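**Student:** structure, please.
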Amino acid sequence: MEVNIHEAKTHLSRLLERVAMGEEVVIAKAGKPVAKLVPLDNRPKRRFLGSAKGDFIVPDDFNDPLPKEIEDLFWE
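**Tutor:** Modelled structure (predicted):
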């Protein structure tokens with residue numbers, strides 16, 4: 001559905017109801033599309049424990065103190 005800016009301002013509540021039901025609304029200025037109202041996916045994305053396994057390796061010295069020259073950069 002495409003509406004002009006004046007119509008969008010006048011009927012914003014109605015347009016948002018239609019968007020909430022899954023419809024996309026394009027707002028145009030002088031017949032040229034400038035914006036699109038689309039429904040948001042409010043469901044959080046599922047995360048799976050261990051899904052990044054093998055993508056990276058944590059080095060054995062990860063928790064070791066920083067070298068003196070790097071540590072000095074942060075504490076000067």
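**Student:** show me the shaky parts of this structure.
**Tutor:** Within the chain, the segments meeting pLDDT under 70 span 76.
**Student:** all strands of the protein, in order?
**Tutor:** With DSSP state E as the criterion, the chain has strands at 2-4, 25-29, 32-37.
**Student:** who does the longest one pair up with?
**Tutor:** According to DSSP bridges, strand 32-37 forms sheet pairs with strand 25-29 (antiparallel).
**Student:** need the strands of the chain in a markdown table (columns: distance to residue 67 and mean neighbour count).
**Tutor:** No exception for glycine: its C-beta is placed from N, CA and C like everyone else's. Output for the strands of the chain, formatted as a markdown table (distance: least, Cβ to Cβ, whole Å; neighbours: other Cβ atoms under 10 Å):
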| stretch | distance to residue 67 | mean neighbour count |
| --- | --- | --- |
| strand 2-4 | 61 | 15 |
| strand 25-29 | 56 | 16 |
| strand 32-37 | 51 | 11 |
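**Student:** looking at those, which is closest to residue 75?
**Tutor:** strand 32-37 (48.8 Å; Cβ to Cβ).
**Student:** can you list contacts of the closest one?
**Tutor:** Strand 32-37 has contacts (Cβ atoms under 8 Å, 6 or more residues apart in numbering) with 2, 5, 15-16, 19, 24-28.
**Student:** so how far is that strand off the chain centroid?
**Tutor:** Centroid separation for strand 32-37 versus its chain: 19 Å, with Cα atoms, centre = their mean, to the nearest Å.
**Student:** now stretch 8-26
**Tutor:** 21 Å.
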